[in-house]
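# Sequence first, then the predicted structure:
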Amino acid sequence: MLLFDKKKTSALKHFIILQFKFYLELFLTLHFQKMTTINSIDKTIIDIQKVRAQFPILSRRVNGKLLIYFDNGATAQKPIQVIDAIVYYYINQNANIHRGVHTLSQEITVAYEHARVTIQKHLNAEHAHEIIFTKGTTDSINLVAHSFGKKYITKGDEIIISEMEHHSNILPWQQLCEEKGAILKVIPINDSGELLMDEYEKLLSSKTKIVSVTHISNVLGTINPVKEIIALAHAKNIPVLIDGAQAVPHTKADVQELDADFYCFSAHKLFGPTGVGILYGKEKYLNEMPPYQVGGGTIKTVTFAKTEYADLPLKFEAGTPHIAGGMGLAAAINYVNEIGLDAIAAYEHELLVYATSALNKINGVKIIGEAANKASVISFVVEGLHPFDLGTILDQLGIAVRTGHHCTQPLMQRFGIQGTVRVSFAFYNTKEEIDEFIIGLERAIKMLS
Amino acid sequence: MSIEEIEQEIIEEFEIFDDWMGKYEFLIDMGKSLPMIEEKYKTDDKLIKGCQSRVWMHSELKDGKVIFTADSDAIITKGMVALMVRVLSNHTPDEIINAKLEFVDKIGLTQHLSPTRSNGLVSMIKQMKMDALAYKVK
Ligand SMILES: Cc1ncc(COP(=O)(O)O)c(C=O)c1O
């Protein structure tokens, strides 16, 4: 009996322990599951309704229909946070920077330099003075082509770009080549719209002075292997410029991790204002390069005999900059980081896959650009129909798309087409909008055929 | 028929449709009936500048009247071209030069045409009048 009792108690104890273990495990699993779901909510789920409400323009009507904005590659819409930052500047902070002794000027100088630091951190640049405010991507590339060209390019040198570049990353180099008697070399692409890396390696030589390629193609959506492109060039001591205009709205660009020598983007495609952009450049190059434009703000001392130029970044920022634009860009970056670039990338990928499969189901639709690694940009043509006609009918339905050559005429020539229809998504777009677009497209095709 | 009479006819044809869809469909059908330019004239020097889509326009003087033939690679543009050809072709240079072309506003399509396309229309009209002027001074 005693023994039995002992046995019983020990069995009871055992049972209790087992039960405890069970509940503990259950608790822990549930707890961690909850934790992981909370984490994944943070990382991959965007509260679309909340986000959309922050973009005032998304509630306007176009041709009687609620706007469906699929032209984000041309320029992105602005959240209220960005609009507020610009308004706040003009209402509360307006003064010129780097000049005045008075409080307002000092306040805005601090705020503007703080914006520069926000951008530095976003790109993970080593120094804030490696961040140059420009007018946009085009301006940034022109700056490098001009100043780097003046210092480093001579007759017979070679500059490498790619077949999928925007005119803004072709013309400045073409002009530089004409001026200096240098030679422009072009990395070809395959039919899917991917760079031929073997051909690229073959183009790199002791004559190559700079490589300038896009991070993400504005037409094909291709995400180029920029880290590898840079590493291959660096193995031969050649600097690389990356055109990040289409990349910054979709992905994290870490200039140190990429080891990019120059990185450019425009604020307006990153939900910020037009008229402002960024050139990141490694200190070692920026210090050696002569100023691009000269004038107020770029100097230490001026006499009629000689001028001593200011240190970075002011050396490259002649004249009064787009101060409100800088404030707006910093607000845009803070906004994007609040949502999280990982969440944005994951959500946009979903939209890309969804729209691609819907488009592929439509007879006669051919997608131009089928790279394995793509951002949420889709170009397509419809057999027998002109992109412009399709764009016109879609516009009637309140759907904004881009049509034409997208400032990439050589790329159009590569594919033997006049132009494409392009849809490019941002994180405020939805699958419902894609459904509407597909219905609209089918309607347009029917009307036009 | 005079230019004004043809314009009036077109205005009445468009009045039948009260929505943009109908008007566009009508325009598209009109494009399909356009007297096509001969292939040999579809050259770069016959291209009209200012159109996002390509428009080729050719003219000839026959018995004192200007005959236009044209084509476009975009069907809606082709419809607009067809309208202009229908109105202006087969008239004397003077009539073409003096045409006011008020039907464009009256058919209710200008508000539906994007500025780039309207600009194309303006270039088209300009080109046709220039051709007429050239025949007049010849
Ligand atoms: C890849 C790429 N590079 C450069 C640019 C030029 O940008 P921005 O016009 O803002 O200077 C664009 C804009 O369309 C682009 O998509």
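Yes, it's here.

# Only C-alpha atoms from now on, for both contacts and neighbour counts.
OK.

# can you tell me the helix or strand for A:Ile278?
A:Ile278 belongs to strand A:277-281 when assigned by DSSP states H and E.

# Return that strand as CSV; C-alpha atoms alone will do.
The C-alpha trace of strand A:277-281 is given here as CSV (Å, rounded to 0.1, in the frame of the first residue of the first chain):
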residue,chain,number,x,y,z
GLY,A,277,18.6,64.2,-56.5
ILE,A,278,21.8,62.7,-55.1
LEU,A,279,25.2,61.9,-56.2
TYR,A,280,27.2,59.6,-53.9
GLY,A,281,30.8,59.6,-54.7
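
# Off-centre distance for it?
13 Å (Cα atoms, centre = their mean, to the nearest Å).

# Neighbouring strands of it in the sheet, and parallel or not?
Applying DSSP bridges, strand A:277-281 is found paired with strand A:131-134 (antiparallel), strand A:262-266 (antiparallel).

# Could you say which of the ones you listed is packed most deeply?
The highest average neighbour count among the strands paired with strand A:277-281, using mean count of other Cα atoms under 10 Å in any protein chain shown, belongs to strand A:262-266 at a mean of 28.

# pLDDT below threshold where in chain B?
Chain B contains residues with pLDDT under 70 at B:35, B:50-51, B:109-119.

# Nearest the geometric middle of it, what residue?
B:Met84 (2.0 Å; Cα atoms, centre = their mean).

# State the helix or strand in which the nearest residue to A:Val294 once chain neighbours are set aside lies.
Closest residue to A:Val294 apart from its sequence neighbours, by Cα to Cα, 6 or more residues apart in numbering or on different chains: A:Ala318 at 5.4 Å. For A:Ala318, there is no host helix or strand (DSSP H and E).

# Mean pLDDT per helix and strand in chain A: which one sits at the bottom?
Lowest by mean pLDDT, DSSP states H and E among the helices and strands of chain A is helix A:2-44, with a mean of 51.

# Up against the ligand, what does the stretch 51-200 of chain A have?
Counting by Cα under 6 Å from any ligand atom, the stretch 51-200 of chain A comes close to the ligand at A:74, A:136-138, A:166, A:168.

# how about those in a markdown table, adding neighbour count, pLDDT and secondary structure?
A markdown table is the format used below for those (neighbours: other Cα atoms under 10 Å in any protein chain shown; pLDDT from 0 to 100; DSSP: H, G, I helix; E, B strand; the rest coil):
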| residue | neighbour count | pLDDT | secondary structure |
| --- | --- | --- | --- |
| A:Ala74 | 17 | 97 | coil |
| A:Gly136 | 22 | 98 | coil |
| A:Thr137 | 26 | 98 | helix |
| A:Thr138 | 21 | 98 | helix |
| A:His166 | 24 | 98 | coil |
| A:Ser168 | 17 | 98 | helix |
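
# Return the closest of those residues with respect to B:Ser89.
Of all those, B:Ser89 sits closest to A:Ala74, with 39.9 Å by Cα to Cα.

# can you tell me the residue of chain B closest to chain A?
Proximity of chain B to chain A (Cα to the nearest Cα) peaks at B:Ala74, 5.1 Å away.

# My read is that the residue nearest to A:Val294 contacts A:Ala310, right?
No: under the contact definition of Cα atoms under 8 Å, A:Ala318 does not touch A:Ala310, with a separation of 10.4 Å.

# And the strands in chain B, which stretches?
Along chain B, the segments classed as strands by DSSP state E run B:55-62, B:65-72.
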